[in-house]
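1. I'll drop the sequence and a predicted model, then ask my questions.
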Amino acid sequence: MTDYVGLNEKLKCGEEFKQHVEIAIQLDPQDSLLSHLMGRWCFEVAGLSWLEKRACAALFGSAPEATYNDALQHLQRAEELSSDWGLNMLYLGKTFGKLGDSNESRKWLQKTTRIDISTKEDREAVEEAKKLL
């Protein structure tokens, strides 16, 4: 039962999150964090399993829709607005990987490993990129 409740709440919060980020992007389209967050949302939704999508459709009438191309668009926008952000570069690498472009994936993951580490987030991004290479 708790797994079901957890998924239900997760899906509900995810849709609310998306709506809030979309509004925020309209208010400040130059904010790289917002573009990154929308890219991450798209990345996660694109990776939902068939079962998760069916559960969402049953609970809310429809499943959220996003593709890895949608994620790429938002993540590239975040990179344009704030280049050399390790976490965003990591997700660019992961997204290109999901799209089957191993050369671009490797390029972004390697860039991630070369960032200056100044935060815990940077260190975690570098560690994950190294594991994916």
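-> Ah, there it is.

2. C-alpha from now on. contacts and neighbour counts both.
-> Fine.

3. Spatially central residue in the chain, please.
-> residue 40 (1.5 Å; C-alpha atoms, centre = their mean).

4. what's the burial count for the nearest residue to that residue once chain neighbours are set aside?
-> The shortest distance from residue 40 to any non-neighbouring residue, by C-alpha to C-alpha, 6 or more residues apart in numbering, is to residue 71 (6.5 Å). Residue crowding around residue 71 was assessed by other C-alpha atoms under 10 Å; the count is 27.

5. Flag the shaky bits of this structure, pLDDT-wise.
-> Within the chain, the stretches falling below the threshold (pLDDT under 70) are 1-12.

6. for residue 66, what are its contacts?
-> If a contact means C-alpha atoms under 8 Å, 6 or more residues apart in numbering, then residue 66 has 42, 43, 45, 46 as its contacts.

7. Going by distance to residue 89, which of those residues wins?
-> The shortest separation between residue 89 and any of those is 13.5 Å, and it belongs to residue 43 (by C-alpha to C-alpha).

8. Three-state assignment for that closest one, please.
-> Secondary structure assignment for residue 43 (DSSP: H, G, I helix; E, B strand; the rest coil): helix.

9. show me what contacts it?
-> Residue 43 is in contact with 66, 67, 68, 70, 71, 95, counting by C-alpha under 8 Å, 6+ apart.

10. roughly how far apart are it and residue 52?
-> Separation of residue 43 from residue 52 (C-alpha to C-alpha, to the nearest Å): 14 Å.

11. mind checking how far the residue nearest to the centre of the chain is from residue 61?
-> Separation of residue 40 from residue 61 (C-alpha to C-alpha) stands at 23 Å.

12. what's the answer for residue 90, then?
-> 33 Å.

13. what's the answer for residue 68, then?
-> If you measure residue 68 against residue 61 using C-alpha to C-alpha, the figure is 23 Å.

14. of the two, who's got more company?
-> The residue with the greater number of neighbours, taking residue 68 and residue 61 and applying other C-alpha under 10 Å, is residue 68; the counts read 22 against 10.

15. The more buried one touches residue 41, doesn't it?
-> No: with contacts defined as C-alpha atoms under 8 Å, residue 68 does not count as touching residue 41, sitting 10.2 Å away.
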